[in-house]
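S.K.: 3D, please:
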Amino acid sequence: ITPNGDHVAIDAGICAGCGQCAAACPTGAAAYALPPSDALLRKLRTLLIAYHTAGGAKPVVLFHDETHGVELIDALARHGDGLPANVLPVAVNEVTQVGIESIAASLAYGAIAVRFLLRAKPRHDVAGLVKTIALAEPILSGLGFTGARAAAIETDDPFVLGDTLRAIAPMQPTPRPASFSAVGEKRDVVRLSLRELHAVAPAPV
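M.R.: Below you'll find the predicted structure:
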């Protein structure tokens, strides 16, 4: 990764596509090009608004990849009880590409928690995602959103996935889910999401 004006240049011959640089970059200088950086936020907004409009309650957003995650979810549906009704699966290229802005926006849009489905033995180093979760947790708990709001599930067993999701402790939902459009730079989206969370926070410090 090298500087390139207002952006950065990434060597495609070395890049493994994990997205951790895009997740960690606070300015958006490094970002996923396909899909565009705001595509995931638009998907989350549409998904959670539609879920609440349909009468759904206490949604949990489950980020997963197209290969490992889809296979586990399919196996759980075929051979088990499937995902709990309040779990909303969201497929991404790599789970490690998800940044703090997507966690904050999910909670602002009304999710009670966010979970990241990882392989038992990840293909990429997941240290960046672990740091993102470690950043989100004290911010959310500092606003009074108690409980494990953001966490990873590391498994290759569909039944462990189902049991883990069903074991998520009940948490208070956002009393008034936001509906803002996540436009602007990454920092702007983070600020907007946290401002919306602050407005409905149990302990808005």
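S.K.: Do I have it right that Ala150 meets Ile139?
M.R.: No. In this structure, Ala150 is not within contact of Ile139 by CB atoms under 8 Å, at 9.7 Å. The C-beta positions use only the backbone N, C-alpha and C, and glycine is treated the same way.
S.K.: Those two: which has the busier surroundings?
M.R.: Shown here are Ala150 and Ile139; by other CB atoms under 10 Å, Ala150 has more neighbours (25 against 18).
S.K.: show me what contacts the more buried one?
M.R.: Contacts for Ala150 (CB atoms under 8 Å, 6 or more residues apart in numbering) come out as Ile103, Ala113, Val114, Arg115, Phe116, Ile133, Ala136, Glu137, Leu140.
S.K.: got those residues as TSV, with distance to Gln97, pLDDT and secondary structure columns?
M.R.: Formatted as TSV, the contacts of Ala150 follow (distance: CB to CB, whole Å; pLDDT from 0 to 100; DSSP: H, G, I helix; E, B strand; the rest coil):
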residue	distance to Gln97	pLDDT	secondary structure
Ile103	13	95	helix
Ala113	19	96	strand
Val114	14	97	strand
Arg115	16	98	strand
Phe116	11	98	strand
Ile133	14	95	helix
Ala136	15	94	helix
Glu137	19	92	helix
Leu140	21	92	helix
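S.K.: quick one: which of these is most hemmed in?
M.R.: In those, the most neighbours by other CB under 10 Å go to Ile103, 28 neighbours.
S.K.: so what's that one closest to, chain neighbours aside?
M.R.: In this structure, Ile103 finds its nearest non-sequential neighbour in Ala136, 4.7 Å apart by CB to CB, 6 or more residues apart in numbering.
S.K.: Now do the contacts for the one you found.
M.R.: Neighbours of Ala136 in contact, by CB under 8 Å, 6+ apart: Ile100, Ile103, Ala104, Arg149, Ala150.
S.K.: Is the last one bridged to anything, and to what?
M.R.: Spelled out, that is Ala150. Val114 (DSSP bridges).
S.K.: gap between it and Gly82?
M.R.: As judged by CB to CB, to the nearest Å, Ala150 and Gly82 stand 23 Å apart.
S.K.: Over to the third one?
M.R.: Between Ala104 and Gly82 the distance is 28 Å, computed by CB to CB.
S.K.: ok so, going back, want to throw the contacts of Ala150 into CSV with distance to His52?
M.R.: Putting the contacts of Ala150 into CSV (distance: CB to CB, whole Å) gives the following:
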residue, distance to His52
Ile103, 18
Ala113, 15
Val114, 16
Arg115, 19
Phe116, 22
Ile133, 25
Ala136, 22
Glu137, 24
Leu140, 19
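S.K.: closest to Ile14 among those?
M.R.: For those, the minimum distance to Ile14 (CB to CB) is 24.5 Å, reached by Phe116.
S.K.: does the residue lying closest to that closest one once chain neighbours are set aside belong to a helix or a strand, and which?
M.R.: Of all residues not flanking Phe116 in the chain, Ala152 sits nearest, at 4.5 Å (CB to CB, 6+ apart). Ala152 belongs to strand 150-154 when assigned by DSSP states H and E.
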